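Got a predicted structure here, sequence first:
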Amino acid sequence: MPVPSMIAIDGPAASGKSTLGFRLAEALGYLYFDTGLMYRAVTWLAIHHQVSISAEAEVTRLAEDVPIEVTAPSQADGRVCDVIVEGRDITWEIRQPQIDANVSAVSAYPGVRQALTRQQRRIGLRGRVVMVGRDIGTVVLPDADLKIYLDASAEERARRRHDENLQRGMPSDYQEVLAKVIDRDRIDTTRAVAPLSAAADAVILDSDRLTADEVFQKARDLCQP
Ligand code: DC
């Protein structure tokens, strides 16, 4: 078996997909592409242009019309890439709680998904890529050479988010974080188009039971020829 070229990593929020995807891409010398940031950028655009999140047609038009540029990191401030929209660097703005609170609604719109899936597929089909999201193995790259579904309990994921918030000096309440994780899971898994689910041929890794290093090692082993 050759080394997989198109690698899909899916799973719920805060399951460790980004950490795994980034490390795996680095180890293989592949492009790391986080598709969640595209949904976040469209959410940022809607808020920035004062378009109501519930205005589906207008939000969809933004996803179709405004290019989202993802480029190599221009600064060493912990970012893994730059996200540029309308000439503005929004890399950190798209990580704000206001975006977290609205992105699931935006990503449930079929037109938004169609516009972004098209762009993601174009990037993914070039190969030598680790693409991370919710529907990569099921919809964006159903022919991916390797599909990983990284799972973890809501409690464990909330604990990680809560610790991250505190490390960044942000106020955080564990019960509130847990309620938000559960709510996002509900929206992501029950939406009509491309709901979060493991592809039938995905390898399921449970990060409740494995450390980040063990998850990486298992994924690395799956990439051996
Ligand atoms: O991975 P993330 O938290 O940055 O994702 C942000 C949101 O985008 C999340 O609510 C799920 C959604 N998303 C999606 O629907 N499909 C993807 N391929 C990636 C993210």
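Looks like it arrived, so ask away. Numbering: from 1, shown residues only.

Grab the nearest non-local neighbour of the residue positioned nearest the centre of the chain.
Nearest to the geometric centre of the chain sits G36, at 3.3 Å (CA atoms, centre = their mean). When the adjacent residues along the chain are set aside, G36 lies closest to G133, with 6.0 Å between them (CB to CB, 6 or more residues apart in numbering). Just so you know, the C-beta spots here come from the backbone N, C-alpha and C atoms, and that holds for glycine as well.

hey, what's that neighbour bridged with?
G133 has these beta-bridge partners by DSSP bridges: D10.

For it, grab the count of nearby residues.
29 (other CB atoms under 10 Å).

helix or strand for E26, which one?
If you go by DSSP states H and E, E26 is part of helix 17-28.

Do that helix and the ligand come into contact?
No - taking CB under 6 Å from any ligand atom as the criterion, helix 17-28 and the ligand are apart, separated by no less than 6.8 Å.

list the helices and strands that helix packs on?
Contacts defined by 3 or more CB pairs under 8 Å, 6 or more residues apart in numbering; DSSP states H and E place helix 17-28 against strand 6-10, strand 31-34, strand 129-133, strand 146-151, helix 212-222.

what comes into contact with it?
Outside helix 17-28, the residues within contact range by CB atoms under 8 Å, 6 or more residues apart in numbering are 3, 7, 9-11, 30-32, 34, 80, 128-133, 148, 150, 212, 215-216, 219-220, 223.

Buried residues of that helix, list them for me.
The neighbour-count check on helix 17-28 (16 or more other CB atoms under 10 Å) flags K17, S18, T19, L20, G21, F22, R23, L24, A25, L28 as buried.
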